[in-house]
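K.L.:
Next comes the sequence, and after it the predicted model I'd like to discuss.
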Amino acid sequence: MLKKIMVIAAMFGVLGALSACNTVAGMGQDVKTGGEKVKDAAQDVQQKM
């Protein structure tokens, strides 16, 4: 259950980051940041298991 919550939270974070994009370069940075947050959330869940 916690894993699903973390994944959903990460997805909302990515969507929030993408909605703030102003340029193509900004979008790339937002996608990179979103990916890092998803990776961090997945690692946190894995460590708690």
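P.N.:
That came in fine, so what should we check first? Quick caveat, the model's predicted, so the values are computed rather than measured. Numbers count the residues shown, from 1 in each chain.

K.L.:
Following the chain onward from the lowest-mean-pLDDT helix or strand in the chain, which element is next?
P.N.:
Counting by mean pLDDT, DSSP states H and E, the weakest-scoring helix or strand in the chain turns out to be helix 2-19, with a mean of 82. Sequence order places helix 24-48 as the next helix or strand after helix 2-19, per DSSP states H and E.

K.L.:
Go through that next one and flag the buried ones.
P.N.:
Across helix 24-48, burial judged by 16 or more other Cβ atoms under 10 Å covers 30, 34, 37, 38, 41, 45. Any C-beta I mention is one placed from the backbone N, CA and C, and that applies to glycine too.

K.L.:
Can you give me the distance of residue 30 to residue 43?
P.N.:
For residue 30, the distance to residue 43 equals 20 Å [Cβ to Cβ, to the nearest Å].

K.L.:
likewise residue 28?
P.N.:
Distance of residue 28 to residue 43, given as Cβ to Cβ: 23 Å.

K.L.:
Also residue 7?
P.N.:
Residue 7 is 13 Å from residue 43, by Cβ to Cβ.

K.L.:
now do residue 27
P.N.:
25 Å.

K.L.:
what's the answer for residue 29, then?
P.N.:
21 Å.

K.L.:
What of residue 13?
P.N.:
Remark: distance between residue 13 and residue 43 (Cβ to Cβ) = 15 Å.

K.L.:
swap in residue 49?
P.N.:
Residue 49 sits 11 Å away from residue 43, going by Cβ to Cβ.
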